[in-house]
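**Student:** 3D model of this:
(one chain, ligands or ions: 1)
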Amino acid sequence: MGKEMGAKETLHICMGSACHQTGVFNVLPVLQQLIAEHDLQDRLELKGAFCLGACSRAIVLKLGDVFITDVNSRNVRKKFLHEVLPLLEGVKQ
Ligand code: FES
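**Tutor:** Residues are numbered from 1 along each chain as shown. All right, here's what the predicted structure looks like:
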């Protein structure tokens, strides 16, 4: 086996009731598609989570210690490009 290329990061997506009501099931397939589009299957794993404790900011994602809030099906692409990707770049080394 070669050198470890950096651990795989987990992007938690809240499946709690507030996020569920706000439409997490519309956002989930878009995130999966974005991960595929950016060829990040080896770097980023999408995982459902219980309530992340920021219900008033639903829909909530979490990468490492950072929350990405107020996500919806209209802005998810932008959130991914401007918030998730830079975070991922930051943990690359
Ligand atoms: S239900 Fe998603 S943060 Fe609470």
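**Student:** ok, Leu44 touching Ile35?
**Tutor:** Yes. With contacts counted by Cβ atoms under 8 Å, Leu44 reaches Ile35, the gap being 5.5 Å. In short, each C-beta sits where N, CA and C put it, glycine included.
**Student:** Just want the residue of this structure that's nearest the ligand.
**Tutor:** Using Cβ to the nearest ligand atom, the single residue of the chain nearest to the ligand is Gly16, 2.5 Å away.
**Student:** Got the phi and psi for that residue?
**Tutor:** Main-chain dihedrals, Gly16, degrees, to the nearest 10: phi -70, psi 170.
**Student:** show me the contacts for it.
**Tutor:** For Gly16, the contacting residues are Ala49, Phe50, Cys51, Leu52, Cys55, Ala58, by Cβ atoms under 8 Å, 6 or more residues apart in numbering.
**Student:** do that again at 7 Å, thanks
**Tutor:** Going by Cβ atoms under 7 Å, 6 or more residues apart in numbering, Gly16 touches Phe50, Cys51, Leu52, Cys55.
**Student:** now swap in His20 and tell me
**Tutor:** Counted by Cβ under 7 Å, 6+ apart, His20 has zero contacts.
**Student:** again with Glu45
**Tutor:** Lys8, Thr10, Leu11.
**Student:** And the second one, how far from Leu46?
**Tutor:** Yep, that's Thr10 we're talking about. 8 Å (Cβ to Cβ, to the nearest Å).
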